[in-house]
Structure formats: C-alpha cells, structure tokens
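Participant: I need the structure of the sequence given here:
(one chain, ligands or ions: 2)
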Amino acid sequence: MAVWIDQLEETMRIGRILGELAQPGDVFALTGDLGAGKTTLAQAIAQGVQVTEPVSSPTFALIREYDGRLPVYHMDVYRLGNRAIEEDLGFEDYFYGDGLCIVEWAELVLPLLPADVLFIRLSAGAGSGASCGRELLAYGTGTRSERLVKEWETRCLI
Ligand SMILES: Nc1ncnc2c1ncn2[C@@H]1O[C@H](COP(=O)(O)OP(=O)(O)OP(=O)(O)O)[C@@H](O)[C@H]1O
Ligand SMILES: [Mg+2]
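Facilitator: Ligands and ions are numbered 1, 2, ... in the order given. The predicted structure follows:
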C-alpha cells in the first residue's frame, strides 16, 4: 500500500484504522527519518486499539506499555544502535508475545523481528510544519501481515 498524506489529521485517521484491525501478536515495524511521523502514527494506532492514556515517544524509555483492547508495546530502538542486536535485551519476549508491538527504527532490530511483520515506511515531503505531507508505504512479510495490509488499505479508501 502506498498513500500520500496531506494532513496530520489524515495520519491520525489512517493510524486509528490500523489500530482497530490489530490483533495479538502483530508487529508493526515503523521506519523513516527523524521526525518522519513514526511516533505520531504510533499514537494514532494506539487510539485505534482503545488506549486511553496519552502515548509519548519511547525514545528514552526504550519501551512503554499500554493497555487497550489488547496490550500495546511501543518501542523506539534508535538510541541503542548496534547494541539492539548485540546484547540480549529481551525483545523477543515482546515480539512473540500476546500484544501489539509497534517498533520505531525497526531496521535496527531486523534480525530479531518475527517473519510475519507489517513494515510501514514514512517519508516527509517538501515543506515543514503540521501541514507538511508524508508518504506512507506499507507491506507485509507473511500471511497475516499481507492480509492485514490489504484490509487496512480497503478501510482507508472508504
Ligand atoms: N502528515 C503528518 N503525519 C505525521 N506527522 C506530521 C505530519 N505532518 C506534520 N507532522 C509533524 O511531524 C512531526 C513528527 O514527529 P514524530 O515524533 O511523530 O516523528 P518520529 O518519526 O517519531 O521522530 P523520531 O525519529 O525522532 O522518533 C510532528 O511534529 C508532527 O506534528
Ligand atoms: Mg519517534
């Protein structure tokens, strides 16, 4: 799925739809440059999972857990760099657990990710500020995530 997003509100709408479709064991791997909108999308997904607590960036906490319709594990592995895979930090417990994992900078933990993952790449367009556009590319790497991305795309077009 490839979509061009003009407005922040559209990121929120699309993200909420994905959150509504999330199931236990799903892993959403978010990639994109600094400020591309990964945390913003994660906040929208969490809303869709009916997380009522405010969702903040886990850059310093590494991982934050929320309770919604299912547990949400929001991770940001940016600061770990190579340590993310060189040290056994226990990520697999989350990736193979019973909640939804949303991983910012997922490319840094690629070897640790399960086989069936929904990758979402965000890129900022020209300009800046809250109305600056974003490109969103999503693809699944397994049966569940491929089905999910199709369902997500269909729901987004309605
Ligand atoms: N269409 C859009 N979708 C998402 N965010 C947008 C959009 N347009 C502008 N923004 C703004 O871009 C910023 C994105 O910041 P955000 O923290 O979500 O990025 P990030 O990818 O998580 O960054 P980091 O790599 O530092 O974790 C926010 O200030 C948000 O308001
Ligand atoms: Mg972030």
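
Participant: from the chain's centre, how far out does the helix or strand of the chain with the lowest mean pLDDT sit?
Facilitator: One helix or strand of the chain scores below all others by mean pLDDT, DSSP states H and E: helix 83-86, with a mean of 86. Its chain's C-alpha centre and that of helix 83-86 lie 20 Å apart, by CA atoms, centre = their mean, to the nearest Å.

Participant: where's the residue nearest to residue 53 when sequence neighbours are not counted relative to ligand 1, distance?
Facilitator: Setting aside the residues directly before and after it, residue 53 is nearest to residue 66 in space (CB to CB, 6 or more residues apart in numbering), at 5.7 Å. Where you see a C-beta, it was placed from the backbone N, CA and C, and this is true even at glycine. Residue 66 sits 16 Å away from ligand 1, going by CB to the nearest ligand atom, to the nearest Å.

Participant: how would you label residue 66: helix, strand or coil?
Facilitator: Secondary structure assignment for residue 66 (DSSP: H, G, I helix; E, B strand; the rest coil): strand.

Participant: confidence score at it?
Facilitator: We have a pLDDT of 98 for residue 66.

Participant: picking up where we left off before, the next helix or strand after the least confident helix or strand of the chain: which residues count as buried?
Facilitator: Next helix or strand after helix 83-86 toward the C-terminus (DSSP states H and E): helix 91-95. Residues of helix 91-95 classed as buried by neighbour count (16 or more other CB atoms under 10 Å): 91, 94-95.

Participant: following element in sequence after helix 91-95, please.
Facilitator: Next along from helix 91-95, by DSSP H and E: strand 100-104.

Participant: export only the CA atoms of that following strand, formatted as PDB.
Facilitator: C-alpha atoms of strand 100-104 as PDB (Å, rounded to 0.1, in the frame of the first residue of the first chain):
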ATOM      1  CA  LEU A 100       0.700  -5.500  19.600                       C
ATOM      2  CA  CYS A 101       4.300  -4.400  19.100                       C
ATOM      3  CA  ILE A 102       4.900  -1.000  17.500                       C
ATOM      4  CA  VAL A 103       8.700  -0.600  16.800                       C
ATOM      5  CA  GLU A 104      10.200   2.700  15.800                       C
END
